[in-house]
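Undergrad: quick one, structure for this:
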Amino acid sequence: MLKTLEDISPTRKRLKIEIPAEVVESEIQKALLNLQSKAKLPGFRPGKAPMAMIEKKFGKDVEAEVLERIIPESYLEAVKEADIKPVMQPIIEEPYEFQRNSPISMTLNVEVRPKVENLSYEGINIKEIPVEVKDEDVDKVLESLAEERAVYEFSEDAINSGDLITIDYTVADEGAESKDVVLKVGSGHYPAEFFDAITGRKKDEELEVEATFSDDSRSQFAGKRVKFKIKIKDVKRRNVPAIDNEFAKDLGFDNLESLKEKLKDNILVSKSKEADSTKQKEILDRIIESHSFELPEGLLNSEIGGIIGEIRAAGKDDRPDEALREEIKSLAEKRVKASILLEAIGEKEGITATDEDMKEEIFKMSQRFYMSPENVMKYYITRDGSLGGLRRSVFEKKVLGFLLSKAVIEK
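TA: Predicted structure coming up:
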């Protein structure tokens, strides 16, 4: 099906494809016969309508369906025959004209992955990154675990910053009255002088407070000085559990020491992964620096668009796209180059992201983000339209792991 292959540049090719008339006609006839066996037309039993009538009624639809299927198939065959790796959808240079019993000739402009000459990636020297777990690392995680399990409990003590209080108040000048208002002392859109007056008071006390609200306050009293008459109904204080043997038992461990040992192991695994990731990045940077090739323009533009999309989604920069393009171009070039190199290395070494690899990654993500595996897959399908992006990520992780295994680590 491939007639000619023309080099436009290292990253762009021109393919001329011809699909023989007999191949197209054969597929059309198969589709018509299949339709004839099922068609129900007035005056004929199912499957007994004449072919001429079937073709007259459904011929154009069948032709469109066959072309929609056979052209992509022929393109993929031509790509395989030409031994190229497309990185973007092809562009049709000359629209084809379809006529029954005539071949289909097409000219396609295809952006391809460049060939990487003298691919070198083994024996790269990098320094070992020492990994150590200190007592303060464990203590920090223990404190975080205790903070996560803190609860608010009723308190009869004087109110402090951070307490939760329930109040009723009236504002005579505004004609405003509110009951069971829950506030965190020191937080929210009430001014500091409001909370200063409440701090040190206790449950069931009544007081009057004057406070000025700023013009940009989200309160209904924005821009006003307001006099409140308040009754404190409840006070709750955040109680952080003590880090002791009982705390460890609540988490499923025999005692505090066994919990500390488990945390130490987890921290060691986490720090080791961080160290490996840093070493992999250094290896990849070295490989990027030592290889030079032309980058596919469409792929680069797509990457730039993706980075700008990330910036816009994060609300980090409101400059025009053109101003951002120049600034992020070098980052996009590095990402595209890294992707091409990892793909070339993976192909050379026969590395693939298997279905088992995918299942394992989805399971890990479901645990990390407290989601079901089904919802992890739904997220990627909704975001990307398929699991292709996740599979690509798993593939690149495997290639980076392979590169680390081939590096020379200096102690």
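Undergrad: ranges for the strands of the stretch 101-250 of the chain?
TA: Taking DSSP state E, counting those that start in this stretch, the strands of the stretch 101-250 of the chain run over residues 104-111, 125-127, 151-154, 164-171, 176-184, 206-212, 225-239.
Undergrad: what's the spacing between stretch 373-389 and its chain's center?
TA: The chain centroid and the centroid of stretch 373-389 are separated by 9 Å under Cα atoms, centre = their mean, to the nearest Å.
Undergrad: domain parsing for this protein?
TA: Annotated domains of the chain cover 2-111, 151-239, 269-410 [automatic domain parsing].
Undergrad: looking at those domains, which is closest to Lys260?
TA: Closest to Lys260 of the domains of the chain is domain 269-410 (Cβ to Cβ; 15.1 Å). The C-beta positions use only the backbone N, C-alpha and C, and glycine is treated the same way.
Undergrad: what separates that closest one from the chain centre, distance-wise?
TA: Taking mean C-alpha positions (Cα atoms, centre = their mean), domain 269-410 and its chain are 10 Å apart.
Undergrad: ok, and the closest non-adjacent residue to Glu65?
TA: Distances taken as Cβ to Cβ, 6 or more residues apart in numbering place Ala31 nearest to Glu65, at 6.5 Å, with adjacent residues excluded.
Undergrad: mind listing the helices for this protein?
TA: For the chain, the helices defined by DSSP state H occupy 21-36, 51-82, 135-148, 192-198, 245-250, 256-290, 297-314, 321-349, 355-368, 373-384, 388-405.
Undergrad: now do the nearest residue to Gly186 once chain neighbours are set aside, the pLDDT please.
TA: Once flanking residues are discounted, Gly186 sits nearest to Ser161: 4.2 Å by Cβ to Cβ, 6+ apart. Ser161 is assigned a predicted lDDT (pLDDT) of 93.
Undergrad: again with Ile126
TA: pLDDT, Ile126: 94.
Undergrad: go on, Glu210?
TA: Model confidence at Glu210, expressed as pLDDT, equals 92.
Undergrad: what's around it, how many residues?
TA: Neighbours of Glu210 under the rule other Cβ atoms under 10 Å: 11.
Undergrad: I'd guessed it sits against Lys227; true?
TA: Yes: using Cβ atoms under 8 Å, Glu210 is in contact with Lys227, at 4.9 Å.
Undergrad: please enumerate residues in contact with stretch 178-196?
TA: Identification of contacts with stretch 178-196 by Cβ atoms under 8 Å, 6 or more residues apart in numbering yields 159-170, 198-199, 209-214, 217-219, 228, 233.
Undergrad: buried subset of those residues as a ChimeraX selection?
TA: This is how ChimeraX selects the buried members of the contacts of stretch 178-196, with burial counted by 16 or more other Cβ atoms under 10 Å:
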select :159,163,164,165,166,167,169,198,209,211,213,228
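Undergrad: count of neighbours near Ser74?
TA: By other Cβ under 10 Å, neighbour count at Ser74 equals 20.
Undergrad: ditto for the one 5 residues further on
TA: Other residues near Val79 come to 21 when the count uses other Cβ under 10 Å.
Undergrad: how much space between it and Leu164?
TA: As for Val79, its distance to Leu164 is 65 Å (criterion: Cβ to Cβ, to the nearest Å).
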